[in-house]
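Participant: need coordinates for the below:
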Amino acid sequence: MGYLTDVAVVEALSGTDKLVVNAGNKVRQITFNNLNKSIDVLNEKELMQVAFYTDFDEDGQTILKQGGNLAIVDYIYSRGGNYIMNNTGYCAKLNASDPTKFIDGTPAPLDGTNGHEMTMLPDYYYLVETRPNGKPRYWVSLKDIGGKYQPVQWMGTHKGYMDGTRLVSRSGVVPSGGLTLSAFTTAARVNGADWGLANYTMRKTLALMFFSKYNTTLSQGGSIVGNGMSGIGSTYSDCRNIPTGKANSLGDGTGYVDVMDAAGNRVGSVSVFGVKDPFGQIWEHVGGIICVGNKFYISDVNTDPIDGVPNWQGMRICDRLETGSGSFITNMQWGEHADMLAKAVGGSSTTYYTDGYWYSTSGRVVFWGGGAYDGALCGLVCAVSDYVFSYAYASFGARLGFYGSEKIVSGSKLISM
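Facilitator: Alright, predicted model coming up:
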């Protein structure tokens, strides 16, 4: 054989073409197909060291299989938690188990005097991999693993309250309802241009953090967060006026505390990684998502609501299920963005994803979590998309989101500002 420079050049390789390699210090040949398989094995081994995975078989079971480096699960998700943040983005971390204090020991007022109670959802990398059975494997890591990067997100710790013309996040107040998506968005921006409504990606992230941390899709009705204020054991009218902050004792944690409704019934107030009552009591308007026909339009920026197909920065499109309204979700859209939007329904409150989905072809806005009318259909991925753009009702509220650059300071510094 002549010099390699004399060999004809090919434009592509087929799977059965062979490459010459050094294997075991001997010259060998390997097909292109087998080379790719070997690279995939090496990638999988590396992933196992730097990431952990959760398998979503969507076969009716609520217990999820996990693997990889499970030792890093707690660390990745513990990097968030509860803060007080003022309107200009200055914020201070609250004590993880006692939010009446900052981590520097300074007493923390939870009445809105020095800012909103906000929860940081930490940043991480994730990858959705399709397994040989066609089902998703969800990888999470602090290292770039070839999927997507989820930046830090700031979500209101509590359901929103209208303090005059502005939407706030604070303890000790009854969540507000009765405004349209546009009106709630305007009220959020009274705090400043970087403020808006908590968006769909925040809801998706919170649900996936719960699923992968606790290896279960049973986000409502199980032993971890209980029924919440879902109307189970209570009624809408009896738990509608329970004020925010009842689960503050859980701090950054996940769980629930028993509280009494207006009729003396025992119900639960929930915390999920510090976000309080993300389902139950009243529904919440969702920012960054609009539905038209059989499509969802999604953006992670602080969007302007629009009744129609938007033209948002960085917008992407996801399929919208248009059948089985009012049923329990069995399959999610998934895709590379791990979309927690229903793909199929037909489950129950104890199988598959255990939460409900509603639709209407005329629906434009999206609400999340479920209210006390909805019972077992509530949960971290419960969604409704069957209301028109101008819809406003007392049992539909909202939650703050912050989209600016945070400036973390000590508690004493924040109080002095």
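Participant: would you mind identifying the next helix or strand past the lowest-mean-pLDDT helix or strand in the chain?
Facilitator: Least confident helix or strand, the chain: helix 32-50 with a mean of 68, by mean pLDDT, DSSP states H and E. For helix 32-50, the following helix or strand on the C-terminal side (DSSP states H and E) is strand 51-55.
Participant: ok, that following strand: who's next to it in the sheet?
Facilitator: strand 65-68 (antiparallel), strand 136-141 (antiparallel) (DSSP bridges).
Participant: residue 133: neighbouring residues, count only.
Facilitator: Residues near residue 133, counting by other Cβ atoms under 10 Å, number 9. (Glycine included, C-beta is placed from N, CA and C.)
Participant: just the strands paired with strand 51-55: most buried one?
Facilitator: strand 136-141 (a mean of 22; mean count of other Cβ atoms under 10 Å).
Participant: what's next to whatever helix or strand comes next after that strand, contact-wise?
Facilitator: Sequence order places strand 148-150 as the next helix or strand after strand 136-141, per DSSP H and E. Identification of contacts with strand 148-150 by Cβ atoms under 8 Å, 6 or more residues apart in numbering yields 123, 124, 125, 126, 127, 201, 205, 336, 337, 338.
Participant: re earlier: could I get the strands paired with strand 51-55 as CSV with distance to residue 271 and mean pLDDT?
Facilitator: Converted to CSV, those look like this (distance: least, Cβ to Cβ, whole Å; pLDDT from 0 to 100):
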stretch, distance to residue 271, mean pLDDT
strand 65-68, 23, 96
strand 136-141, 21, 96
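Participant: mind putting those strands into TSV with distance to residue 386?
Facilitator: Formatted as TSV, these follow (distance: least, Cβ to Cβ, whole Å):
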stretch	distance to residue 386
strand 65-68	34
strand 136-141	27
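Participant: right, so of the ones you listed, which gets closest to residue 24?
Facilitator: Between residue 24 and those, the shortest separation by Cβ to Cβ is 29.1 Å, and it involves strand 65-68.
Participant: which helix or strand lies directly C-terminal to the closest one?
Facilitator: Downstream of strand 65-68, the next assigned helix or strand under DSSP H and E is helix 73-77.
Participant: state the mean pLDDT of that following helix.
Facilitator: The average pLDDT for helix 73-77 rounds to 95.
Participant: how about it: buried residues?
Facilitator: Neighbour-count burial for helix 73-77 flags 73, 76, 77 (criterion: 16 or more other Cβ atoms under 10 Å).
Participant: the last one contacts residue 122, correct?
Facilitator: Yes - Residue 77 is within contact range of residue 122, at 6.5 Å (criterion: Cβ atoms under 8 Å).
Participant: what's the pLDDT at residue 152?
Facilitator: For residue 152, the pLDDT comes out at 98.
Participant: what's the burial count for it?
Facilitator: 13.
Participant: measure it to residue 182 for me?
Facilitator: 27 Å (Cβ to Cβ, to the nearest Å).
Participant: secondary structure class for residue 370?
Facilitator: Recorded secondary structure, residue 370: coil (DSSP: H, G, I helix; E, B strand; the rest coil).
Participant: need the contact list for it.
Facilitator: 220, 230, 279, 280, 283, 355, 356, 377, 378, 379, 382.
Participant: tell me the two of those that are most distant?
Facilitator: For the contacts of residue 370, the farthest-apart pair by Cβ to Cβ is 220 and 283; their separation is 14.0 Å.
Participant: who has more neighbours out of these two?
Facilitator: Taking neighbours as other Cβ under 10 Å, residue 220 and residue 283 compare with residue 220 leading, 31 against 28.
Participant: and that one, backbone torsions?
Facilitator: Per-residue torsions, residue 220: phi -140, psi 130 (degrees, to the nearest 10).
Participant: leaving out chain neighbours, which residue sits closest to it?
Facilitator: Of all residues not flanking residue 220 in the chain, residue 379 sits nearest, at 3.8 Å (Cβ to Cβ, 6 or more residues apart in numbering).
Participant: pretty sure that neighbour is touching residue 368, no?
Facilitator: No - in this structure, residue 379 is not within contact of residue 368 by Cβ under 8 Å, at 9.8 Å.
Participant: which neighbours do these two have in common?
Facilitator: Taking Cβ under 8 Å, 6+ apart as the criterion, residue 379 and residue 368 both touch residue 279.
Participant: higher neighbour count, those two?
Facilitator: Looking at residue 379 and residue 368 with other Cβ under 10 Å, you find the greater number of neighbours at residue 379, namely 33 against 26.
Participant: so how far is residue 147 from that one?
Facilitator: Distance from residue 379 to residue 147, counting by Cβ to Cβ: 25 Å.
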